[in-house]
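Novice: I would like the atomic coordinates for the input below:
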Amino acid sequence: MSHSTLGNGEWLLNGNSLFSEDGTVEFKMQGDGKIAVYWDGQCQFQNTANQRRDIKGIKMQEDGNLCMYDNNGTIVWQTNTPSPKGDSTVICTVQNDGNVVLYKGTPIWSSNTMK
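Specialist: Below is the predicted model of the structure:
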């Protein structure tokens, strides 16, 4: 895993972050169970549904769906972007413009948090 992307099967565990290539944007799996996008020290996006402290992290699943799991293995948030079997190469990337985007060649989901 590079510092700005999650590939198929990779995790962003509780308390960890990905950063944009220029280091100005942070995509964080917070300890309070939220994922957040920060730039200039300000939170620009948080998923607030199902806030809980028993979150393991988020996983870029092999089917192209970005999912947040609790410690029991239950999905508590997702981007709803699974692809048909055999056609699922998706990358989650943190962009310099402040957006977190899932790409399957072209964008299929975005946090809509551009600077």
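
Novice: Buried residues, the lowest-mean-pLDDT helix or strand in the chain. List them.
Specialist: Every helix and strand in the chain was compared by mean pLDDT, DSSP states H and E; the lowest is strand 42-46, with a mean of 84. Within strand 42-46, the residues that count as buried by 16 or more other CB atoms under 10 Å are 44-46. The way it works is simple: take the backbone N, C-alpha and C, and place the C-beta from them, glycine included.

Novice: Quick one: neighbours of the closest residue to residue 21 other than its chain neighbours, just the number.
Specialist: Spatial nearest neighbour of residue 21, excluding adjacent residues (CB to CB, 6 or more residues apart in numbering): residue 4 at 5.4 Å. Using other CB atoms under 10 Å, residue 4 has 20 other residues around it.

Novice: ok, the closest residue to residue 64 other than its chain neighbours - contacts?
Specialist: Leaving out its chain neighbours, the residue that sits closest to residue 64 by CB to CB, 6+ apart is residue 90, at 3.7 Å. Neighbour list for residue 90: 8, 60, 64, 66, 81, 83, 102-104, 108 [criterion: CB atoms under 8 Å, 6 or more residues apart in numbering].
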